[in-house]
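Peer 1: What follows is a predicted structure for the sequence shown.
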Amino acid sequence: MANGDLLTLAEVTARFSRGPQTGVFTDGGSVPNPGPGGWGAVYVVEGEIIGQAYGHDPDTTNNRMELTALIEACDLVPEGESMTVYSDSNLAVQSMNDWAPGWMERGWKRKTGPIKNLELIQELYYKLEGRPELTLRWIKAHDGSLWNEYADSLANAWRRDQV
């Protein structure tokens, strides 16, 4: 959340304007961690919202919500359309881009122990494998990027009276 605020979507769009204007932007979190949490994803082309989704889980973790947001984000983009999917979770991005191919080759095992959130890691990995037109990229959290802040607002909608 920007400056610790629980901004509504209207407040986010009034306050922020920087950052990429095309892509799917995702966020997830829980308060406390672990605890209740939410996720959000917004699909934007040239500054126009094409679609968005968000949800809540009463008992979860930050990482589970980040992965859920990415899974849902893939479904917002029509098949065959090239698009960048942004996440401010370096762990989620590295898991998919760097580590998951090796884990899959080793039968979904890590050299150092079990893979946390394996079912979500596998679901996202196979979804991205089937959608080579989607590129997963890290974006810095809470730096004033409009659509990343918007995704954060969606992920925290469960904590407010209005979206």
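Peer 2: That came through fine. Numbers count the residues shown, from 1 in each chain.

Peer 1: so where's the longest helix in this protein?
Peer 2: helix 62-76 (DSSP state H).

Peer 1: Same question for it: list its buried residues.
Peer 2: By neighbour count with 16 or more other CB atoms under 10 Å, helix 62-76 contains the buried residues 62-74, 76. No exception for glycine: its C-beta is placed from N, CA and C like everyone else's.

Peer 1: give me the low-pLDDT residue ranges for the protein?
Peer 2: Applying pLDDT under 70 to the chain picks out residues 1-4.

Peer 1: Would you report the backbone torsion angles of the residue nearest to C74 when sequence neighbours are not counted?
Peer 2: Leaving aside its chain neighbours, C74 sits nearest to K127 (4.9 Å; criterion: CB to CB, 6 or more residues apart in numbering). Main-chain torsions, K127, degrees, to the nearest 10: phi -60, psi -50.

Peer 1: again with R110
Peer 2: Residue torsions, per degrees, to the nearest 10, at R110 are phi -100, psi 150.

Peer 1: can you offset everything so residue one is 818?
Peer 2: Renumbered: residue one is now 818, and that last one reads R927.

Peer 1: ok, what's across the strand from it?
Peer 2: Note on R927: beta-bridge partners by DSSP bridges are G930.

Peer 1: What is the neighbour count of it?
Peer 2: 13 (other CB atoms under 10 Å).

Peer 1: ok, now how distant is it from I956?
Peer 2: 26 Å (CB to CB, to the nearest Å).

Peer 1: Strands of the protein, start to end?
Peer 2: 840-847, 852-862, 865-877, 900-904, 951-955 (DSSP state E).

Peer 1: Show me which residues of the third one are buried.
Peer 2: Okay, so that is strand 865-877. For strand 865-877, by 16+ other CB under 10 Å, it's 867, 869-874, 877.
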